[in-house]
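> could you work out the structure for the sequence below:
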Amino acid sequence: MPTKTAPQSEPVITNGELELSLGGNAFFHTTPTGIILADDLTYEGWMEGLRLFKRLKSEMTVWFSDYLTQGNVKFGQVRANDALAQLEFEMPDVKTALAIGTVPMELRKPGLESGHYIVLARADISKKQKEAWAEKASTLNLSPTTLKSSIENGEVVNPSVARQQTHGVLSIHGIVGEFQVWVKRVGELDGVMKMATEDRDEMMNEMSVIVDFFNSIRATEAKLDGKSK
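Numbering: from 1, shown residues only. Reported below is the predicted structural model:
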């Protein structure tokens with residue numbers, strides 16, 4: 001006998017309000033000021049709502065990427081940037097969208113989401129390799145975290161290994177070692193200065209976290225030394 005597919009909940013918009021229901025049972029509906037859960041909502045129904053939000057967040061990220069990328073082509077980057085600034089879009093969201101926009105349509109596979117496309121966009125591998133990894137991620141149902149670790153290891157790793165690599169805490173020596181490898185890979189100072197201004201600014205913004213922490217340690221040490229004299 002063929003396997004029955006579980007019905008999927010779908011959002012319905014009526015008069016500007018969003019309602020989620022499955023099999024005639026409402027889960028929630030939105031209002032102009034918030035959201036209201038159904039009185040008889042079960043835990044399973046609430047979980048279904050979470051799945052919807054997760055799916056919509058991923059889909060909206062990809063939609064925004066396409067909208068922004070195609071808008072840049074249609075109206076020019078200067079006008080597109082002016083519009084983003086006028087509407088006060090958050091720069092991290094814009095950068096994420098632009099990164100996803102570098103992933104060609106042929107790499108989009110069933111089951112993949114925005115997180116997968118960000119991993120593929122940032123992976124330092126050839127387009128042919130990206131196509132192969134996109135196919136593996138879709139076929140094997142790899143999470144974005146597992147996909148990232150698998151690409152870095154050159155072979156598919158299991159989820160527990162991926163989580164350990166992602167969430168493991170590096171020692172300071174490990175961080176310095178990784179940094180030194182990165183410096184050589186980008187061509188040291190000459191390579192950094194050849195980067196696009198926006199890429200260099202983003203890099204410096206990320207590094208400022210370490211610099212600020214270093215300065216905080218030094219300032220605290222100075223205060224403690226002053227008190228001890």
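> setting aside sequence neighbours, what's the nearest residue to Lys95?
Glu202 (7.1 Å; C-beta to C-beta, 6 or more residues apart in numbering). Placement of C-beta: from N, CA and C, glycine included.
> give the burial count for the one you found, as a bare number.
The number of residues packed near Glu202 is 15, by other C-beta atoms under 10 Å.
> what does Thr197 give?
The number of residues packed near Thr197 is 7, by other C-beta under 10 Å.
> which ones are touching it?
Contact analysis of Thr197 by C-beta atoms under 8 Å, 6 or more residues apart in numbering lists nothing.
> okay, Gly24: pLDDT?
Note on Gly24: pLDDT of 60.
> now swap in Tyr117 and tell me
For Tyr117, the predicted pLDDT is 92.
> quick one: buried residues of stretch 183-202?
By neighbour count with 16 or more other C-beta atoms under 10 Å, stretch 183-202 contains no buried residues.
> wait, I meant stretch 107-119
Leu107, Leu112, Glu113, Ser114, Gly115, His116, Tyr117, Ile118, Val119.
> spatially nearest residue to the first one (excluding sequence neighbours)?
With sequence-adjacent residues excluded and distances taken as C-beta to C-beta, 6+ apart, Leu107 is closest to Ala134, at 4.5 Å.
> residue contacts, Leu98?
Here Leu98 is in contact with Ser65, Leu68, Thr69 (C-beta under 8 Å, 6+ apart).
> avg pLDDT for the helix or strand encompassing it?
For Leu98, the element it lies in under DSSP states H and E is helix 91-101. For helix 91-101, mean pLDDT rounds to 87.
> can I get it in PDB, CA atoms only?
Extracted in PDB, the C-alpha atoms of helix 91-101 (Å, rounded to 0.1, in the frame of the first residue of the first chain):
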ATOM      1  CA  MET A  91      22.900  45.500   7.300                       C
ATOM      2  CA  PRO A  92      23.400  41.900   8.500                       C
ATOM      3  CA  ASP A  93      20.100  40.900   6.800                       C
ATOM      4  CA  VAL A  94      21.200  42.600   3.600                       C
ATOM      5  CA  LYS A  95      24.600  40.900   3.600                       C
ATOM      6  CA  THR A  96      22.900  37.500   4.200                       C
ATOM      7  CA  ALA A  97      20.600  38.200   1.300                       C
ATOM      8  CA  LEU A  98      23.400  39.200  -1.000                       C
ATOM      9  CA  ALA A  99      25.400  36.100  -0.100                       C
ATOM     10  CA  ILE A 100      22.500  33.900  -0.900                       C
ATOM     11  CA  GLY A 101      22.100  35.800  -4.200                       C
END
